[in-house]
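1. I would like to see how this sequence folds:
(4 chains)
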There are 2 protein chains.
Amino acid sequence: MGVAGSMPSPQLLEEYSQFFRLLSEPARLQLLCQLKAGPMDVAALIEATGFSQSHVSRQLGQLQRADLVRCERDGVRTIWSADSELVDDLCNLVQTRLRQRLEAQLQQLQSA
Amino acid sequence: MGVAGSMPSPQLLEEYSQFFRLLSEPARLQLLCQLKAGPMDVAALIEATGFSQSHVSRQLGQLQRADLVRCERDGVRTIWSADSELVDDLCNLVQTRLRQRLEAQLQQLQSA
DNA sequence: GACTGGTATGACGATAAACGCATAAAGGGT
DNA sequence: ACCCTTTATGCGTTTATCGTCATACCAGTC
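-> Residues are numbered from 1 along each chain as shown, chains lettered A, B, ... in the order given. This next block holds a predicted model:
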């Protein structure tokens, strides 16, 4: 299953890439990480990130369309949350890779 | 470790996003999947994907800078390969998520 | 119902990335 | 030495995305 063995269909490749594109923006990753600490409203996210209100709202909208965040209204405020483990898992895999690369470069320098 | 628990540094978020950006293009994903089947030269990749020669060469260059592909010269040809399990693992995680989403949507339709 | 505070969205300029064309570089064969 | 093949790269055009300003929207308050 997955990518191994046979070539994924163009449609699937397109969906993969669209998903990864969501994570290709530091702002969205930062919002996801903030929400990982617990549900917050937009004002708190603005405070935490320093982004403009419209920017925060837009990025949340994009993440919502992929079900990476949810929202519920509390009166006039909108409380956003992100409970999926997926982004954590993906980032951990990438982090392991980044560390391996640096270690390899380090060894290459030491052996030279 | 990873993203869980504490907020990653801006630098780390930047590196994560740069990595995911590499996977955010169907063309690059397709090249990676092709190379998963085994080493190939550029001409074979052009044949397999239908992309232009310069396009293939450029995308391979980007993937190489992240060590997602390697190359060795065989005379005038350049043989590219990609042996990392990372992209497979990432895609499998995303695929699982996409399937869960569709199943949830399906159930919502059935219960309506 | 007008007003206020909080959030989403249309319009738009700036910036970045894709993609192709033409060309250069690099390595054989005659 | 010349030419041919294969791949890499400078350049220009097009397209897409970001980020902001202004404005519309929505829910509660007086």
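2. so what's the closest residue to residue A:62 other than its chain neighbours up against?
-> Spatially, and ignoring its direct neighbours in sequence, residue A:62 is nearest to residue A:22 (6.2 Å; Cβ to Cβ, 6 or more residues apart in numbering or on different chains). Where C-beta positions appear, they are placed from N, C-alpha and C, glycine not excepted. Shown in contact with residue A:22 (Cβ atoms under 8 Å, 6 or more residues apart in numbering or on different chains): A:28, A:62-63, A:66, A:68.
3. Please check those residues and keep the buried ones.
-> Using 16 or more other Cβ atoms under 10 Å in any protein chain shown as the burial test, the contacts of residue A:22 include A:28, A:63, A:66, A:68 as buried.
4. just checking, the third one touches residue A:19?
-> Translated: residue A:66. Yes - the criterion here is Cβ atoms under 8 Å, and residue A:66 meets it with residue A:19 at 6.4 Å.
5. Kindly report the residues of chain A close to DNA strand D.
-> For chain A, the residues found near DNA strand D under the criterion Cβ under 7 Å from any atom of the strand are A:21, A:25, A:27-28, A:51-55, A:58, A:62, A:73, A:75-76.
6. any chance of those in CSV, plus secondary structure and pLDDT?
-> Shown next, in CSV, are those (DSSP: H, G, I helix; E, B strand; the rest coil; pLDDT from 0 to 100):
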residue, secondary structure, pLDDT
A:21, helix, 98
A:25, coil, 98
A:27, helix, 98
A:28, helix, 98
A:51, coil, 98
A:52, coil, 98
A:53, helix, 98
A:54, helix, 98
A:55, helix, 98
A:58, helix, 98
A:62, helix, 98
A:73, strand, 95
A:75, coil, 93
A:76, coil, 94
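7. between the buried ones among the contacts of residue A:22, which is closest to residue A:36?
-> Set against residue A:36, the nearest of the buried ones among the contacts of residue A:22 by Cβ to Cβ is residue A:68 (10.9 Å).
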